[in-house]
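Chemist: This is the structure alone, sequence omitted:
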């Protein structure tokens with residue numbers, strides 16, 4: 001048997017989701033109807049065949065599962081209803097687990113119990129930490145919590161250090177994972193070394209894909225345009241929230257009550273509205289299965305929008321009850337808000353489905369770099385017509 005083949009590869013991929021590629025006729029219809037597939041990045045058919053044939057090294061070095069934007073057009077046109085969309089989703093989860101240096105992603109992405117337990121464990125730890133901080137470190141009495149306003153001045157320094165840790169840990173993990181993704185795809189010994197200038201030339205691609213998600217707009221149906229708008233708004237809201245929390249926490253989280261026109265308030269309201277409206281729309285769509293892209297076989301796909309919704313609802317609840325001077329309720333809801341927000345960053349971002357926020361833009365960037373290097377290598381230099389003509393008589397002599 002070929003040493004390069006891994007017979008159990010398809011079985012391993014099935015641990016991460018529905019992978020019914022055995023029903024595939026290999027007709028190529030899915031590739032033809034996909035607006036994102038092209039000569040240099042042909043999918044889903046080619047990618048599915050790699051898994052079926054056990055070509056693990058080739059699959060690990062494939063960016064194509066991430067270039068797919070999960071629109072479902074391939075599944076609609078598949079003559080065998082082989083669900084290539086869900087197969088590509090399983091491949092993305094499989095690859096995310098292979099990139100992860102800790103091994104945690106593999107457990108979370110293959111076990112619903114592990115995913116729920118990881119989020120609940122972090123949530124309970126954060127809630128207990130908030131309780132211990134107030135009752136033992138600050139030494140507040142329960143009666144003080146009931147009677148006093150929701151003061152934050154005693155915890156600003158502590159919460160800022162806590163925020164740094166909460167974001168630094170997943171950031172380090174994701175950087176390590178991104179490096180493994182780079183090694184799998186860009187340093188294969190069978191490939192020609194790619195010059196650093198190609199990475200610099202395509203750096204704009206990475207930024208543009210992170211900011212605009214523009215490839216999603218290449219799906220022509222109106223439903224995909226609406227989907228792009230929702231994803232763009234959700235990405236913008238999350239970015240604003242991260243910037244405020246990481247760099248402007250003492251300005252955003254303050255005891256001062258600003259007028260309604262103050263940026264601190266309308267930025268917060270904008271983020272809250274987006275994090276409520278968009279997740280609710282996603283949950284309703286996936287529950288009712290209105291479109292092909294909403295048809296999922298894995299309930300775990302609802303975890304992320306539900307957590308976004310809980311973060312927004314708990315955050316606005318703290319704001320409302322604080323203004324109403326319901327002090328104990330506001331303190332309790334703030335602990336709940338942290339208990340939901342921290343698992344979202346510490347668990348779902350580096351290890352769960354939300355990790356695609358890093359892997360997809362990186363894949364598009366790496367693909368652009370490879371295409372640029374390939375195009376340059378195919379340029380044949382033209383003969384220099386400016387050289388002096390050869391003296392045929394001298395040459396003959």
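Modeler: Thanks, I have it. Source: prediction; values computed, not measured.
Chemist: From now on I want contacts and neighbour counts done on CA atoms only, so please keep to that.
Modeler: Noted.
Chemist: In the stretch 1-150 of the chain, mark out all the helices, start to finish.
Modeler: With DSSP state H, counting those that start in this stretch applied, the stretch 1-150 of the chain shows helices at 9-14, 29-33, 45-52, 56-60, 64-67, 73-77, 84-99, 104-110, 112-132, 142-147, listed in chain order.
Chemist: which stretches of the stretch 201-350 of the chain have low pLDDT?
Modeler: Scanning the stretch 201-350 of the chain for pLDDT under 70 picks out the ranges 220-224, 255, 290-300.
Chemist: One more pass at 90, please.
Modeler: Flagging of the stretch 201-350 of the chain using pLDDT under 90 yields the residue ranges 209-231, 245-265, 282-303, 318-335.
Chemist: For it, which segments are assigned as helices?
Modeler: 203-212, 222-247, 249-252, 263-288, 303-323, 327-343, 349-351.
Chemist: Quick check: which of those is buried the most?
Modeler: Comparing those by mean neighbour count (mean count of other Cα atoms under 10 Å), helix 349-351 ranks first with a mean of 25.
Chemist: Who are the packing partners of that helix?
Modeler: helix 104-110, helix 156-186 (3 or more Cα pairs under 8 Å, 6 or more residues apart in numbering; DSSP states H and E).
Chemist: re the thing from before, format the helices of the stretch 1-150 of the chain as CSV; extra columns: mean pLDDT, mean neighbour count and distance to residue 285.
Modeler: Output for the helices of the stretch 1-150 of the chain, formatted as CSV (pLDDT from 0 to 100; neighbours: other Cα atoms under 10 Å; distance: least, Cα to Cα, whole Å):
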stretch, mean pLDDT, mean neighbour count, distance to residue 285
helix 9-14, 93, 18, 25
helix 29-33, 89, 18, 23
helix 45-52, 90, 20, 27
helix 56-60, 92, 19, 31
helix 64-67, 94, 24, 23
helix 73-77, 86, 20, 17
helix 84-99, 94, 24, 17
helix 104-110, 94, 21, 22
helix 112-132, 92, 16, 21
helix 142-147, 60, 13, 41
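Chemist: Tell me which of those helices sits nearest to residue 335.
Modeler: When the helices of the stretch 1-150 of the chain are compared by Cα to Cα, helix 112-132 sits nearest residue 335, at 5.5 Å.
Chemist: Taking helix 327-343 as reference, get the angle to that closest one.
Modeler: Using axes from the mean of the first three to the mean of the last three Cα atoms, to 10 degrees, one finds that helix 112-132 and helix 327-343 are set 140 degrees apart in direction.
Chemist: which residues are in contact with helix 112-132?
Modeler: 107-109, 300, 335-336, 338-340, 342-344, 347, 352 (Cα atoms under 8 Å, 6 or more residues apart in numbering).
Chemist: Mind putting the helices of the stretch 201-350 of the chain into CSV with distance to residue 183?
Modeler: Below are the helices of the stretch 201-350 of the chain laid out as CSV (distance: least, Cα to Cα, whole Å):
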stretch, distance to residue 183
helix 203-212, 17
helix 222-247, 27
helix 249-252, 36
helix 263-288, 34
helix 303-323, 29
helix 327-343, 29
helix 349-351, 18
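Chemist: Which among those is found nearest to residue 137?
Modeler: helix 327-343 (15.5 Å).
Chemist: Does that closest one pack against any helices or strands, and if so which?
Modeler: When contacts are defined as 3+ Cα pairs under 8 Å, 6+ apart, helix 327-343 packs onto helix 112-132, helix 142-147, helix 303-323.
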